[in-house]
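**Student:** Here is a sequence with its predicted model. Questions after.
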Amino acid sequence: MATASSLSIEQLQKLWNTKYLSVVAGVNNLPKFVLKTSTSSCEIYLHGAHVTSFKINSNENLFMSEKSAFQENKAIRGGIPLIWPQFGPGKIQTHGFARNLDWDVNKALVDEKAQSVQIEFFLKSSEATDKILGVSSEFIVFYRVTLHPDFLDLEYEVKNTSQQNTMEFQLAFHTYYSISDIKNVHVLGLKGREYIDKMKNMEKKKENRKEVTIDQEVDSVYLNVIPTQGGSSYQPLQLVDTQKKTSVTLTYDYQSIPDVVVWNPWIEKSKKMEDFGDEEYHKMICIEIGVINNPVKLSPNQTFQTKHSILPTNSSSSSL
Ligand SMILES: O=P(O)(O)OC[C@H]1O[C@H](O)[C@H](O)[C@@H](O)[C@@H]1O
């Protein structure tokens with residue numbers, strides 16, 4: 001069967017266009033899938049299975065850099081890059097290869113009752129991934145994006161299809177949120193958590209703030225952010241924008257993806273990044289959910305599954 005990335009936009013349209021799903025030509029003519037419900041929409045490139053837009057009532061939740069490259073072997077800057085199988089620098093390229101490769105589409109589903117639409121992408125081990133990894137590996141990854149009228153579900157599934165070898169990986173949904181200005185936002189739900197401060201030689205610290213604000217370059221990996229369900233101190237992970245009077249609640253499968261990265265490049269780093277505008281750090285914050293500190297070890301024939309949801313709320317229902 002032809003891979004989705006080898007098909008023309010017209011061929012993809014014939015295969016996938018429905019009332020709720022359409023294929024269009026994105027930047028540089030790259031195929032982009034557009035999902036729609038009565039109130040929400042979502043755009044996803046085959047390149048990296050990269051979500052680049054998620055709107056509810058026309059309000060955009062995701063930040064996209066105006067300088068983003070939309071090119072082979074380069075990650076799109078903004079939206080939701082998939083970081084897999086490695087977080088940060090390491091044995092292979094920084095943040096792995098999932099965000100740099102073209103994925104395929106497996107299926108699309110519509111749930112008329114729930115008014116949701118889902119698309120499932122997959123990425124299989126190949127000569128290209130063996131070359132990057134420097135060893136032969138056997139896996140298949142499924143990534144399901146489900147658009148609901150008022151939230152977005154992201155599900156990630158890794159099957160180790162090898163009969164002999166254990167595989168090891170980290171994973172992160174490296175989401176860039178669109179904000180009014182970095183001075184107007186704070187993150188709730190991190191108080192009392194331990195974190196690794198990547199700006200201070202990987203020093204381990206404890207977060208004492210209820211409202212985590214940003215006024216300099218920040219690159220922190222919070223460990224095991226598992227909210228105490230039901231307790232009086234229960235505070236979900238939430239991004240609050242006091243000017244827009246909006247908040248976004250982030251839920252995730254705490255057992256499998258317990259780590260949370262907060263990142264903003266601030267002034268100097270922004271200038272150094274060629275695919276990011278010098279002033280764009282004002283308009284974004286990354287809150288990345290993943291498994292980073294203790295990589296997953298997957299035995300032969302085992303499957304790893306996880307889920308992360310993004311739930312924007314307006315001021316009437318948020319804790320502003
Ligand atoms: O430039 P990228 O490879 O996309 O990485 C952007 C950033 O991603 C994460 O948040 C890391 O913690 C940062 O250290 C890194 O600078």
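**Tutor:** Done, it's in. Because the structure is a prediction, the values reported are computed rather than measured.
**Student:** residues near the closest residue to the ligand within the stretch 101-250 of the chain, how many?
**Tutor:** Relative to the ligand, the nearest point of the stretch 101-250 of the chain is residue 219 (4.7 Å; C-beta to the nearest ligand atom). Glycine gets a C-beta too; all of them are placed from N, C-alpha and C. Counted with other C-beta atoms under 10 Å, the neighbours of residue 219 add up to 18.
**Student:** now do residue 79
**Tutor:** Count around residue 79 with other C-beta under 10 Å applied: 25.
**Student:** distance of it from the ligand?
**Tutor:** To the ligand, residue 79 is 11 Å away according to C-beta to the nearest ligand atom, to the nearest Å.
**Student:** Excluding sequence neighbours, find me the nearest residue to that residue.
**Tutor:** residue 52 (4.0 Å; C-beta to C-beta, 6 or more residues apart in numbering).
**Student:** Report the beta-bridge partners for the residue of the stretch 101-250 of the chain closest to the ligand.
**Tutor:** As for beta bridges, residue 219 partners with residue 263 under DSSP bridges.
**Student:** Are the helix or strand in which the residue nearest to residue 79 is found and the ligand in contact anywhere?
**Tutor:** With secondary structure defined by DSSP states H and E, residue 52 is part of strand 50-56. No: counting by C-beta under 6 Å from any ligand atom, the ligand is not contacted by strand 50-56; separation bottoms out at 11.8 Å.
**Student:** tally of neighbours for whatever residue of the chain ends up closest to the ligand?
**Tutor:** Residue nearest to the ligand within the chain: residue 263 (3.4 Å; C-beta to the nearest ligand atom). Neighbour count for residue 263, taken as other C-beta under 10 Å: 20.
**Student:** my guess is it meets residue 221, correct?
**Tutor:** No: the criterion here is C-beta atoms under 8 Å, and residue 263 misses it with residue 221 at 9.3 Å.
**Student:** How about the residues of the stretch 151-300 of the chain by the ligand?
**Tutor:** 198, 219, 261, 263, 286, 288.
**Student:** Tell me how many other residues surround the first one.
**Tutor:** Using other C-beta under 10 Å, residue 198 has 16 neighbouring residues.
**Student:** Same check on the third one?
**Tutor:** Taking other C-beta under 10 Å as the neighbour definition, residue 261 ends up with a count of 25.
**Student:** what secondary structure does it sit in?
**Tutor:** strand (DSSP: H, G, I helix; E, B strand; the rest coil).
**Student:** Could you double-check that it lies in contact with residue 221?
**Tutor:** Yes: in this structure residue 261 lies within contact range of residue 221 using C-beta under 8 Å: 5.1 Å.
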